[in-house]
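1. Sequence and predicted structure, then a few things I'm wondering about:
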Amino acid sequence: MRIKTKSGRWIELNTDEEEAAINAGIAADPDTYELTDEEFKQLRPVGRPKADVTKERITIRLSADVVEYFRSTGKGWQTRMDEALREYVSARHS
């Protein structure tokens, strides 16, 4: 059976026989088992935690030298640019 994703990609699903073979392989593996409901509840989400305050995604045109400077400061350069703009706003918002 094939299904179409929201992005338009087609995915071929396993047949019932393929699913049975996969599940039999899982059941035969001593290092693999189904989690209990209690074990499943103890799992932590993978990845970055959701921020309480989210930022707005925009498109902005900046001078090449400004972008080059912030990028040269390494990972987190967009956050540092945001902080610099916040300082600018707070200095003039009084």
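-> Structure's in. What do you need? Everything numeric in this text was worked out from a predicted model, so none of it was measured. Numbering: from 1, shown residues only.
2. Quick check, residue 1 in contact with residue 13.
-> Yes - if you go by Cβ atoms under 8 Å, residue 1 and residue 13 touch, sitting 4.7 Å apart. C-beta: built from backbone N, CA, C; applies to glycine.
3. which helix of this structure spans the most residues?
-> Assignment by DSSP state H gives helix 77-92 as the longest helix of the chain.
4. And it, what's buried?
-> residue 81 (16 or more other Cβ atoms under 10 Å).
5. State the mean pLDDT of that helix.
-> For helix 77-92, mean pLDDT is 95.
6. That helix: how far from the chain's middle?
-> 25 Å (Cα atoms, centre = their mean, to the nearest Å).
7. From residue 41, how far out is the residue nearest to the spatial centre of the chain?
-> The chain has residue 47 as the residue nearest its centroid, 6.5 Å off, counting by Cα atoms, centre = their mean. Taking Cβ to Cβ, to the nearest Å as the measure, residue 47 falls 18 Å from residue 41.
8. before we move on, what about residue 92?
-> Taken as Cβ to Cβ, the span from residue 92 to residue 41 is 49 Å.
9. for residue 61, same thing?
-> Going from residue 61 to residue 41 by Cβ to Cβ gives 48 Å.
10. Please say which of those two ends up with more neighbours.
-> Set side by side, residue 61 and residue 41 show more neighbours around residue 41, with 8 against 5, by other Cβ atoms under 10 Å.
11. Find me the pLDDT at the more buried one, would you?
-> 91.
12. any idea how far residue 68 is from it?
-> Residue 41 sits 48 Å away from residue 68, going by Cβ to Cβ.
13. try residue 18
-> 52 Å.
14. low pLDDT regions in the protein?
-> Applying pLDDT under 70 to the chain flags residues 94.
15. Contact partners for the spatially closest residue to residue 12 that is not a sequence neighbour?
-> Using Cβ to Cβ, 6 or more residues apart in numbering and skipping residues adjacent in sequence, the residue nearest residue 12 is residue 2, 5.5 Å away. Counting by Cβ atoms under 8 Å, 6 or more residues apart in numbering, residue 2 makes contact with 10, 11, 12, 13.
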